[in-house]
Structures are given as structure tokens and as C-alpha cells.
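[1] coords please:
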Amino acid sequence: MPRQVGYIQLEVWHDAKWNPIVRYDGSHGFPHKDVFLRNGESRKVPLRMSFKWALVFADQDIEGRWEMYLQRFLRGDWP
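    Numbering: from 1, shown residues only. Okay, the predicted model is just below:
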């Protein structure tokens, strides 16, 4: 049975489109966090934890830090 891959993402409507700011997923076979600049450039940060804990961590991180991530993104900084 193929493993289902999902993600948790923070995005913002900016410049007439939805833009990802932070995304947690496991689409490359390992849990990681993708962070994005306004120009679409991204960085991948590996998470050294299980997929299960990465999901819990992602939910808590975005819930607690979304405002900081948004402010940095809008300034053009890395979230």
C-alpha cells in the first residue's frame, strides 16, 4: 500500500495570489520544513523526528509562530 503524504502549510494572499510561507511535509521520504521568500525561492530544513512527531510539531509551530512568519515573509526575509 502506498504511503499517503500530506502537509501542513501557512500561506498568505499577496500580489494577487496565494503564496506559501512555511510548509511541513514528507514528500521526499523524510520529514522536513520548507520556508519560502516572496520571490518563490525556498529552503528545505530536515526535521530529525518521526513523521508522526513532525505533524504534531508542525501544527504547534504554525499555530504559535504564524504572525512572526508572516511579518518576516512580507518584509522579504526568510520566515
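[2] gap between residue 22 and residue 64?
    As defined by CB to CB, to the nearest Å, residue 22 lies at a distance of 12 Å from residue 64. Yep, even glycine has a C-beta here, placed from its N, CA and C like the rest.
[3] report the central residue of this protein.
    For the chain, residue 23 is the residue whose C-alpha lies nearest the centre (CA atoms, centre = their mean; 1.7 Å).
[4] so it sits against residue 7, correct?
    Yes - under the criterion of CB atoms under 8 Å, residue 23 lies in contact with residue 7, with a separation of 5.5 Å.
[5] for the helix or strand that contains residue 33, packing partners?
    For residue 33, the enclosing helix or strand under DSSP states H and E is strand 32-36. Strand 32-36 sits against strand 17-25, strand 42-46, with contacts defined as 3 or more CB pairs under 8 Å, 6 or more residues apart in numbering; DSSP states H and E.
[6] hmm, 10 Å instead?
    With contacts taken as 3 or more CB pairs under 10 Å, 6 or more residues apart in numbering; DSSP states H and E, strand 32-36 sits against strand 7-14, strand 17-25, strand 42-46, helix 51-75.
[7] next, format these as CSV and append distance to residue 33 and mean pLDDT.
    As requested, the helices and strands packed on strand 32-36 are exported to CSV (distance: least, CB to CB, whole Å; pLDDT from 0 to 100):
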stretch, distance to residue 33, mean pLDDT
strand 7-14, 10, 95
strand 17-25, 5, 96
strand 42-46, 4, 95
helix 51-75, 7, 95
